[in-house]
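J.: how would this look folded up:
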Amino acid sequence: MYSYDLLEQDCYYIVQLNEGDPLTLLQVKVKSDYCVYAVNYTDTAIMQWVKKTDIIYDIIECLTDQTAQQWLNVYNGSEDAYYEEDDE
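T.: Residues are numbered from 1 along each chain as shown. Alright, predicted model coming up:
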């Protein structure tokens with residue numbers, strides 16, 4: 001098991017927060033002395049403060065900048081699909 005303290009700021013990580021949970025993407029935006037402000041990318045982005053000591057069941061991988069950019073292009077494109085208007 002791991003903690004949020006191991007995650008580097010501005011990096012994207014594929015993680016499993018709890019045993020049996022689906023994989024999710026996390027990005028740490030801010031680190032303070034005792035907490036991190038993290039974005040959890042699910043259907044929508046969930047931004048929250050968590051303690052550095054909070055448990056992450058497994059850190060699968062840290063995405064490269066190129067892979068993170070590819071994912072962002074897909075993620076942002078799929079969000080836009082929800083807001084497109086019909087031409088009818």
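J.: K52 versus the residue nearest to Y37 when sequence neighbours are not counted, what's the distance?
T.: Once flanking residues are discounted, Y37 sits nearest to V30: 4.0 Å by Cβ to Cβ, 6 or more residues apart in numbering. No exception for glycine: its C-beta is placed from N, CA and C like everyone else's. According to Cβ to Cβ, to the nearest Å, V30 and K52 sit 12 Å apart.
J.: rewinding a little: and the one helix or strand the residue nearest to Y37 maps to, what's buried?
T.: Counting by DSSP states H and E, the element that carries V30 is strand 24-31. Going by neighbour count (16 or more other Cβ atoms under 10 Å), the buried part of strand 24-31 is 25-28, 31.
J.: anything in contact with each of V30 and K52?
T.: Listed as contacting both V30 and K52 by Cβ atoms under 8 Å, 6 or more residues apart in numbering are V36.
J.: got TSV for the buried residues of strand 24-31, with pLDDT too?
T.: Below are these laid out as TSV (pLDDT from 0 to 100):
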residue	pLDDT
L25	94
L26	95
Q27	95
V28	95
K31	96
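J.: now, which of those sits nearest Y57?
T.: L26 (12.2 Å; Cβ to Cβ).
J.: okay, now the unreliable bits of the protein?
T.: 78-88 (pLDDT under 70).
J.: the strands in it, which residues?
T.: 2-3, 12-16, 24-31, 35-41, 45-51, 55-56, 58-62 (DSSP state E).
J.: hang on, the earlier thing: report all helices and strands that the strand holding V30 contacts.
T.: Packing contacts for strand 24-31, counted by 3 or more Cβ pairs under 8 Å, 6 or more residues apart in numbering; DSSP states H and E, involve strand 12-16, strand 35-41.
J.: turn these into JSON lines, including distance to Y57 and mean neighbour count.
T.: As requested, those are exported to JSON lines (distance: least, Cβ to Cβ, whole Å; neighbours: other Cβ atoms under 10 Å):
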{"stretch": "strand 12-16", "distance to Y57": "5", "mean neighbour count": "19"}
{"stretch": "strand 35-41", "distance to Y57": "14", "mean neighbour count": "17"}
